[in-house]
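[1] For reference, the sequence and a predicted model appear below.
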Amino acid sequence: MSSPRPPVEEAAVRRLSPGWFGCGSTDPGNPEQLAWLEETLATTDATWKLAALHHPPYSGGFQGSNAAAREAFVPPFERYGVQIVFSGHEHDYQRTDPINGVTYVVSGGGSRTRRTGADDFTAVAYFTIPVTIPRPA
């Protein structure tokens, strides 16, 4: 089933592919965006529903949770069974335990990392991610 075209700039909010939904978290209270998100999530038959935002609704990191993103996006994510929400903004890696069925992942280490922290909902938090690169044989 095809979703209606998002009401705001294609780059800010769009359906990326079946089950992937992107939202512009710099203007989370945009009523057109929220209506598009509600309709798209309500009508999808995707088994996995994954969302992407810039600002994290849940973060124990340096900048913390974005209250506006949490207020705008968390209710529809929970209501329509979104399983995973990916966001950036923080310069670290974090993952929550599921919160009302939704797991939130912050991965913003593409730039210089910053210190991180933890909150009640934090399952994992790193400001550097240990990586082992095997040597060629």
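    In hand now; what should we look at?
[2] mind listing the helices for the protein?
    With DSSP state H as the criterion, the chain has helices at 31-43, 67-79.
[3] Quick check: which of these is nearest to residue 54?
    Closest of those to residue 54 is helix 67-79, at 8.4 Å (criterion: C-beta to C-beta). For every residue, glycine as well, the C-beta is placed using N, CA and C.
[4] pLDDT weak spots in this protein?
    For the chain, the stretches flagged by pLDDT under 70 are 1-18, 109-117, 124-137.
[5] rerun that using 90 as the cut-off
    1-30, 32-33, 36-37, 40, 44-48, 52, 54, 60-64, 88-95, 106-137 (pLDDT under 90).
[6] ok, back up a step: got the helices of the chain as TSV, with distance to residue 90 and mean neighbour count columns?
    TSV is the format used below for those (distance: least, C-beta to C-beta, whole Å; neighbours: other C-beta atoms under 10 Å):
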stretch	distance to residue 90	mean neighbour count
helix 31-43	22	16
helix 67-79	12	18
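[7] For these, please prepare CSV with the additional fields distance to residue 102.
    Compiled in CSV, the helices of the chain are given as follows (distance: least, C-beta to C-beta, whole Å):
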stretch, distance to residue 102
helix 31-43, 12
helix 67-79, 5
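[8] buried residues in stretch 19-35?
    Residues 19, 21-25, 28, 30, 33-34 are the ones in stretch 19-35 that count as buried (16 or more other C-beta atoms under 10 Å).
[9] No further queries at this time; thank you.
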